[in-house]
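J.: fold the following and give me the result.
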Amino acid sequence: MKKSLISLAVATLACAAPSISFAADTTVAFNAAVASDYRYRGISQSRLKPAVSAGVDVGLPNGVYVGAWASSIKWIKDAGGDASAEIDVYGGWKGEVSPGLTLDVGALTYQYPSNKLAVSANTTEIYGALSFDVYTLKYSHSVTNLFGFADSKNSGYLDLSATFDAGNGVMVAPHVGYQKVSHNGDFSYTDVSLTVSKDYSGFVPSLALVATDTKSIGGVKAYASPANGKNLGKTALVLGLKYNF
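T.: Got it, this is the predicted structure:
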């Protein structure tokens with residue numbers, strides 16, 4: 001998706017929002033962002049280049065939620081396919097199941113329109129997360145092949161994250177995760193990150209340090225870009241700016 005198309009989509013959603021009728025306790029939130037690199041589970045989806053994104057979330061009074069999110073990407077074209085956008089659609093339920101303990105369960109599908117890869121990049125996962133105080137433990141399980149890997153159904157991603165208030169509205173979020181790629185063990189890896197952010201009336205700048213321990217196969221990193229050979233999981237600082245409205 002071209003940047004102009006994403007910008008148009010954001011503007012359209014924003015203009016349409018006032019005309020949508022919901023129950024009094026229903027929440028509707030929009031977001032748009034730009035980042036120096038789109039990292040997902042530690043791996044660059046934009047060939048270590050900037051990316052733009054936009055999304056919408058709807059929350060119902062009973063804890064049910066649905067949402068959609070889209071971002072520009074480069075990895076599918078680099079792999080010989082023909083998609084320049086990722087579109088995610090998700091839904092689930094989130095609520096307190098005991099004092100201080102929150103459960104979040106749902107499903108998410110990652111769609112890459114007309115990706116034309118030999119093994120489709122389109123991926124669907126189910127997930128479950130438990131949150132207590134500032135900590136969240138989450139597991140995501142693929143019910144399809146995972147992001148174009150052959151015979152990779154039933155792959156899993158386990159991650160632990162936290163969000164701490166460092167004072168004056170500065171939030172610090174450490175994260176560690178492990179991606180298992182079924183029947184493709186050389187592509188399994190661990191990722192870690194540390195993100196610092198602050199909300200300025202809806203504008204949220206952030207800085208993240210991201211790293212992975214991706215393996216090498218024949219002297220080449222498992223997640224090397226076909227376009228330039230660079231390691232898409234290399235340690236790097238990622239600068240982002242998000243606007244929530």
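J.: rest of the way, CA atoms for contacts and neighbours
T.: Noted.
J.: so Asp88 makes contact with Asn122?
T.: No. Counting by C-alpha atoms under 8 Å, Asp88 sits too far from Asn122 to count as a contact (9.9 Å).
J.: residues contacting Lys215?
T.: 186-189, 221-222 (C-alpha atoms under 8 Å, 6 or more residues apart in numbering).
J.: make it 7 Å
T.: Each residue near Lys215 by C-alpha atoms under 7 Å, 6 or more residues apart in numbering is listed here: 186-187, 221-222.
J.: quick one: which of those is nearest to Tyr127?
T.: Set against Tyr127, the nearest of the contacts of Lys215 by C-alpha to C-alpha is Phe187 (20.9 Å).
J.: my guess is the closest one contacts Ala222, does it?
T.: Yes. Phe187 is in contact with Ala222 according to C-alpha atoms under 7 Å; the separation is 6.0 Å.
J.: find the residues that touch each one of the two.
T.: 214-215.
J.: helices of the chain, start to end?
T.: Assigned by DSSP state H, the chain shows helices spanning 3-16, 75-78.
J.: hey, least reliable of those by pLDDT?
T.: Per-stretch mean pLDDT for the helices of the chain is lowest at helix 3-16 (a mean of 41).
J.: what stretches of this protein score poorly on pLDDT?
T.: For the chain, applying pLDDT under 70 flags the ranges 1-24.
J.: how about Pro50, what does it touch?
T.: 35-38.
J.: please identify the buried residues of the longest strand along the chain?
T.: As assigned by DSSP state E, the longest strand anywhere in the chain is strand 85-98. Buried residues in strand 85-98, defined by neighbour count with 16 or more other C-alpha atoms under 10 Å: 85-94.
J.: could you identify the most distant pair in those?
T.: Longest span within those, C-alpha to C-alpha: Ala85 and Lys94, 28.0 Å.
J.: just give the number of residues close to the closest residue in space to Ile43 that isn't next to it in sequence.
T.: Using C-alpha to C-alpha, 6 or more residues apart in numbering and skipping the chain neighbours, the partner closest in space to Ile43 is Gly233 (4.6 Å). If you count neighbours by other C-alpha atoms under 10 Å, Gly233 ends up with 28.
J.: identify the residues contacting Gly233.
T.: Per C-alpha under 7 Å, 6+ apart, neighbours of Gly233: 42-44, 211-212, 214, 223.
J.: need these in CSV with neighbour count and distance to Leu103, can you?
T.: As requested, the contacts of Gly233 are exported to CSV (neighbours: other C-alpha atoms under 10 Å; distance: C-alpha to C-alpha, whole Å):
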residue, neighbour count, distance to Leu103
Gly42, 27, 25
Ile43, 23, 27
Ser44, 22, 29
Ala211, 21, 28
Thr212, 21, 28
Thr214, 22, 31
Tyr223, 20, 33
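J.: ok, of these, which one's closest to Gly240?
T.: Ser44 (13.9 Å).
J.: what bridges to Ala211?
T.: Counting by DSSP bridges, Ala211 is bridged to Val192.
J.: Val238 versus the closest residue to Leu241 other than its chain neighbours, what's the distance?
T.: Using C-alpha to C-alpha, 6+ apart and skipping the chain neighbours, the partner closest in space to Leu241 is Pro205 (4.4 Å). Distance of Pro205 to Val238, given as C-alpha to C-alpha, to the nearest Å: 11 Å.
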